[in-house]
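>>> sequence and predicted structure below; questions after.
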Amino acid sequence: MREPPEANDLRAWQSVFAASLLRAGAIMPDRQAVHRNNTRASLSSALAARFPVVRRLVGPDFFRAMALCFIERQPPRSPVLAEYGAGFAHFLDGFAPAREVAYLADVARLEWARHLAFHAEEAAALSIERLTAVAPDRLEQVRLGLHPAASVVASAWPVVSIWTTNAHDQEVRPLGDGAGSECALVTRPELHVLVSALPAGSDRLVAALAEGNGLAEAVARAATVEGFDTATALSVLFRSGAVASLSVGSFHSMELS
């Protein structure tokens with residue numbers, strides 16, 4: 001059944017009106033202008049709450065101006081406000097006024113990963129004792145399943161240290177000239193979202209595990225990166241609640257207990 005012409009006209013009007021709500025300088029009646037200002041302010045506040053460290057790094061005024069640019073270029077595609085902000089880090093990659101803060105986009109990626117972890121499905125995390133219980137001659141058959149809340153952000157900058165001092169310290173600690181690249185693990189084993197530092201190359205380990213590869217293959221991929229340490233990486237993954245299942249061959253971890 002074909003829709004009447006007025007239905008298409010209504011949708012077109014709604015589309016234009018929605019766009020004008022987010023566009024700076026759009027001319028509209030006073031009552032609609034108030035609605036536009038409230039909409040932009042609400043979205044800006046949502047971004048500020050979602051990216052508090054980014055906001056602290058650039059200051060509230062700069063952040064608001066930056067957020068309004070993002071809102072205009074990438075308006076919400078869903079009525080669910082919790083889903084808004086997924087493209088913010090990519091937007092910051094090309095945002096010229098923030099070019100001097102080169103690590104800003106990676107901090108935003110870490111904060112978005114925290115947001116996703118907070119809303120991820122529940123799952124029980126395994127302790128490393130499940131792995132140490134596996135016989136040495138069967139370790140090559142081990143497969144690890146990641147917790148739904150677990151993700152990794154690998155950065156050329158000390159992203160974990162930058163986030164930590166700006167999220168928790170009353171006075172920001174200088175990182176010093178020796179601060180280099182860092183790999184951040186984001187998890188939520190219970191009620192609180194955790195951020196932990198992983199050895200270099202751990203992003204390859206986690207990516208390989210997420211693809212369903214066995215532990216031996218995942219370690220082999222990560223080991224190509226200088227500085228990767230298998231024992232440290234696995235210890236952090238288990239301690240932070242990033243592992244939700246373990247299987248050896250055709251046997252599930254529950255059969256190992």
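Cool, got the structure. Bear in mind that the values here come from a model prediction, so they are computed numbers and not experimental data. Residues are numbered from 1 along each chain as shown.
>>> now stretch 197-210: buried residues?
Neighbour-count burial for stretch 197-210, with 16 or more other CB atoms under 10 Å as criterion, is recorded at A197, L198, P199, A200, G201, S202, D203, R204, L205, V206, A208, L209. Where C-beta positions appear, they are placed from N, C-alpha and C, glycine not excepted.
>>> report the distance from that stretch to the chain centre.
15 Å (CA atoms, centre = their mean, to the nearest Å).
>>> contacts for it?
Under the contact criterion CB atoms under 8 Å, 6 or more residues apart in numbering, stretch 197-210 has outside partners 143-146, 150-154, 160, 181-185, 215, 217-219, 221-229, 232-233, 236-237, 242.
>>> what are the ranges of the strands in the stretch 51-200 of the chain?
142-146, 151-155, 182-187, 194-198 (DSSP state E, counting those that start in this stretch).
>>> most tightly packed of the ones you listed?
Compared across these, strand 182-187 shows the largest average neighbour count, a mean of 26 (mean count of other CB atoms under 10 Å).
>>> how about that one as PDB, C-alpha atoms only?
Written as PDB, here are the backbone C-alpha positions of strand 182-187 (Å, rounded to 0.1, in the frame of the first residue of the first chain):
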ATOM      1  CA  GLU A 182      50.700   2.400  26.600                       C
ATOM      2  CA  CYS A 183      48.100  -0.300  26.100                       C
ATOM      3  CA  ALA A 184      44.900   0.000  28.100                       C
ATOM      4  CA  LEU A 185      42.700  -2.800  29.200                       C
ATOM      5  CA  VAL A 186      39.100  -1.900  30.100                       C
ATOM      6  CA  THR A 187      37.000  -4.400  32.000                       C
END
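>>> how big is the angle separating the helix or strand that contains L205 from strand 182-187?
Element membership for L205 (DSSP states H and E) is helix 202-210. Using axes from the mean of the first three to the mean of the last three CA atoms, to 10 degrees, one finds that helix 202-210 and strand 182-187 are set 40 degrees apart in direction.
>>> I'd like the mean pLDDT over the next helix or strand along the chain from helix 202-210, please.
Counting by DSSP H and E, the next helix or strand C-terminal to helix 202-210 is helix 215-222. Per-residue pLDDT over helix 215-222 has a mean of 97.
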